[in-house]
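# show me the folded form of this:
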Amino acid sequence: MQPAGAVRPRTGDGPLEVVKEGQAIVMRIPLEGGGRLVVELTPAEASALADGLNAPVEADTPAETEQP
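Numbering: from 1, shown residues only. Below is the predicted model:
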């Protein structure tokens, strides 16, 4: 007899996934220790999130032409 789905262990292994489901954008983020954080966003929220994440990443990116 197979265990029920709720009894099977869940794993958070795998890449970050972002898919469009109907009008929403669903982002699945693997978590340390297992499991996933699932976030449903509107296109406007996804755009604001992208802008919010890009700003600090671009600010911390050193210029490739710099010499030590």
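# burial check on Val26, number of neighbours?
As a burial measure, Val26 scores 14 neighbours (other Cβ atoms under 10 Å). Every C-beta, even on glycine, is put in place using the N, C-alpha and C of the backbone.
# please tell me I have it right and Thr42 contacts Gln23.
Yes. Contact criterion Cβ atoms under 8 Å: Thr42 and Gln23 qualify, at 7.5 Å.
# what about the two, which has more around it?
The neighbour count for Thr42 versus Gln23, taken as other Cβ under 10 Å, is higher for Thr42 (11 against 7).
# is the closest residue to that one other than its chain neighbours bridged to anything, and to what?
Nearest residue to Thr42, sequence neighbours excluded (Cβ to Cβ, 6 or more residues apart in numbering): Ala24, at 6.7 Å. In this structure, Ala24 bridges to Glu21 when assessed by DSSP bridges.
# dump the residue contacts of Ala24.
Residues near Ala24 by Cβ atoms under 8 Å, 6 or more residues apart in numbering: Glu40, Leu41, Thr42.
# pLDDT score for Gln67?
Per-residue confidence (pLDDT) for Gln67: 56.
# which outside residues touch the helix or strand encompassing Glu45?
Assigned by DSSP states H and E, Glu45 falls within helix 43-60. Residues outside helix 43-60 that contact it (Cβ under 8 Å, 6+ apart): Gln23, Ile25, Met27, Leu41.
# number of residues surrounding the third one?
Met27: 17 surrounding residues under other Cβ under 10 Å.
# thought it was touching Glu17?
Yes. Look at Met27 against Glu17 with Cβ under 8 Å: they come within range, at 7.2 Å.
# and the residue nearest the centre of the chain, how close does it get to Thr61?
Centroid check for the chain by Cα atoms, centre = their mean gives Ile29 as the closest residue, at 3.9 Å. Distance of Ile29 to Thr61, computed by Cβ to Cβ, to the nearest Å: 22 Å.
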